[in-house]
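Asker: sequence unknown, structure follows:
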């Protein structure tokens, strides 16, 4: 018969586990020392780890709630050379699973989408309006909006995740679309002889 005992860091030596009551028999308490040999050790004969058929010690690391998983993984990778230098040369360290791969790919996709959207804004506005000044305005709108978004996220203690990346991608499309529509509307009002300031105000309403 096997049983797991879940404990916190308040017990640090094996002798402190001996008085733990694990059950009752004939009205009397059965303590851990009555049914098991309690010793200080690090070996577990009931579990084993293998990597590619080679015996290995598996170490699973979880991030703390609210921590940035990419920064956590980067910190672990930076400490691996120091850890490897402190253990015997016959022991090798290998990263079996890195769950930040998909997150890094998502960040890369968003960055690429943002650059493509800014390039398309510049190209479309310049082709249809043929005005360098008008082309510059919407091309600046996207970076300024993103900088403002990142600043607010930093002040509130938020970090990027898949949900926020998806929101940034969608909101970037809105910014690009609104910038093109507003600039085209301003140009239309300017062509009718309206003053620039009045054209800008009217273009925002219609």
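Answerer: Structure's in. What do you need? Fair warning: this is a prediction, and the values are worked out from it, not measured in the lab.
Asker: Quick check: which ranges of this structure have low pLDDT?
Answerer: Along the chain, segments meeting pLDDT under 70 span 1-9, 42-46, 129, 134, 138, 162, 176, 205-206.
Asker: which one is the spatially most central residue of the chain nearest to, not counting chain neighbours?
Answerer: By Cα atoms, centre = their mean, the chain has its centre lying nearest to residue 161, at 4.4 Å. Closest residue to residue 161 apart from its sequence neighbours, by Cβ to Cβ, 6 or more residues apart in numbering: residue 103 at 7.5 Å. To be clear about C-beta, it is placed using only N, CA and C from the backbone, and glycine gets the same treatment.
Asker: any idea which helix or strand carries that neighbour?
Answerer: If you go by DSSP states H and E, residue 103 is part of helix 100-129.
Asker: just to revisit the earlier point, thinking the residue nearest to the centre of the chain is in contact with residue 107, fair?
Answerer: No: judged on Cβ atoms under 8 Å, residue 161 makes no contact with residue 107 at a distance of 10.0 Å.
Asker: Let me see the ranges of the strands in the chain.
Answerer: Secondary structure of the chain (DSSP state E): strands at 21-25, 28-31, 50-51, 54-55.
Asker: between these, which gets nearest to residue 120?
Answerer: Closest approach to residue 120 among these is made by strand 50-51 (46.7 Å; Cβ to Cβ).
Asker: Could you pull up the residues touching residue 10?
Answerer: Listed by Cβ atoms under 8 Å, 6 or more residues apart in numbering, residue 10 has no contact partners.
Asker: Check residue 80 too.
Answerer: By Cβ under 8 Å, 6+ apart, the contact list for residue 80 reads 93, 95.
Asker: how close does it sit to residue 89?
Answerer: 15 Å (Cβ to Cβ, to the nearest Å).
Asker: From residue 154, how far out is the residue sitting furthest away from the middle of the chain?
Answerer: Most distant from the centre of the chain: residue 26, at 54.6 Å, with distances by Cα atoms, centre = their mean. For residue 26, the distance to residue 154 equals 64 Å [Cβ to Cβ].
Asker: Around residue 139, count how many other residues there are.
Answerer: Neighbourhood size, residue 139 [other Cβ atoms under 10 Å]: 20.
Asker: isn't it right next to residue 115, touching?
Answerer: No: using Cβ under 8 Å, residue 139 makes no contact with residue 115, being 11.4 Å away.
Asker: before we move on, the earlier item: list the buried residues for the helix holding residue 103?
Answerer: Buried positions in helix 100-129, judged by neighbour count with 16 or more other Cβ atoms under 10 Å: 100, 103, 106, 107, 110, 114, 117, 118, 121, 124, 125, 129.
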